[in-house]
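Any chance you can model this:
(one chain, ligands or ions: 1)
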Amino acid sequence: MQTGNALIEIRTAAITEGSCAFNFTCRAEDFNDPKLTESGFTDEIRIRAVTKKTGNELMLAITTEATGEIPCDICLAPVKVSMNGSWRIYCNTDGIARDEDAEETAREEYRLLDRTAVSIDLTGDVRETLLLSVPMKVTCTANPDCKLYTGSEQEGQEEKGSTSPWRESLAKLKKNYR
Ligand SMILES: [Zn+2]
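Just a heads-up that it's a prediction; the model follows:
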């Protein structure tokens, strides 16, 4: 943390030609983002960033490992899930923008990197990776009571009685994705 305010960052001086791996641990609360804290992350989050440097080109592969509790889509009982995310960033420091038409998948990004930058802040990228790793739909696997609801509850149907805070935060989260 002595390099700056970023929660997760890599000192550019530590990135050498070839492959380097950097490990971080944090908690969802560290990001100060309600979207993350409401996503059901429970324990420590493990983050691994692997850099591959070739001249002016730099590839950054971020993988995240976390566990959480997400309400079952049918009965709202909390279900333990493991959440694994990955994200790739291609950077170059020669100041030449890459072809915009280059094929880009949802989990890859191209970025120009300031040659004089002391560190690369990965906080935002890790946050996005974590949000993407949260399963959109979770259902109980071994809960016989849960199956009773199957078929009787349709999506979009109004819930009887009080609304569950779990359901509310899930709905909010889903909205935030779009
Ligand atoms: Zn269930």
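
now Lys137: how far from Ile70?
In this view, Lys137 and Ile70 are 9 Å apart by C-beta to C-beta, to the nearest Å. Glycine gets a C-beta too; all of them are placed from N, C-alpha and C.

This protein: strands as residue ranges?
Counting by DSSP state E, the chain has strands at residues 9-11, 18-26, 45-54, 57-71, 78-92, 108-112, 119-121.

could I get these as TSV with distance to the ion, mean pLDDT and mean neighbour count?
What follows is the strands of the chain, written out as TSV (distance: least, C-beta to the ion, whole Å; pLDDT from 0 to 100; neighbours: other C-beta atoms under 10 Å):
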stretch	distance to the ion	mean pLDDT	mean neighbour count
strand 9-11	40	95	18
strand 18-26	30	97	13
strand 45-54	25	96	18
strand 57-71	8	95	19
strand 78-92	7	92	17
strand 108-112	35	80	14
strand 119-121	39	92	18
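
Make a markdown table out of those and add distance to Asn143.
Formatted as a markdown table, these follow (distance: least, C-beta to C-beta, whole Å):
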| stretch | distance to Asn143 |
| --- | --- |
| strand 9-11 | 42 |
| strand 18-26 | 31 |
| strand 45-54 | 27 |
| strand 57-71 | 12 |
| strand 78-92 | 9 |
| strand 108-112 | 37 |
| strand 119-121 | 42 |
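
All set now, cheers.
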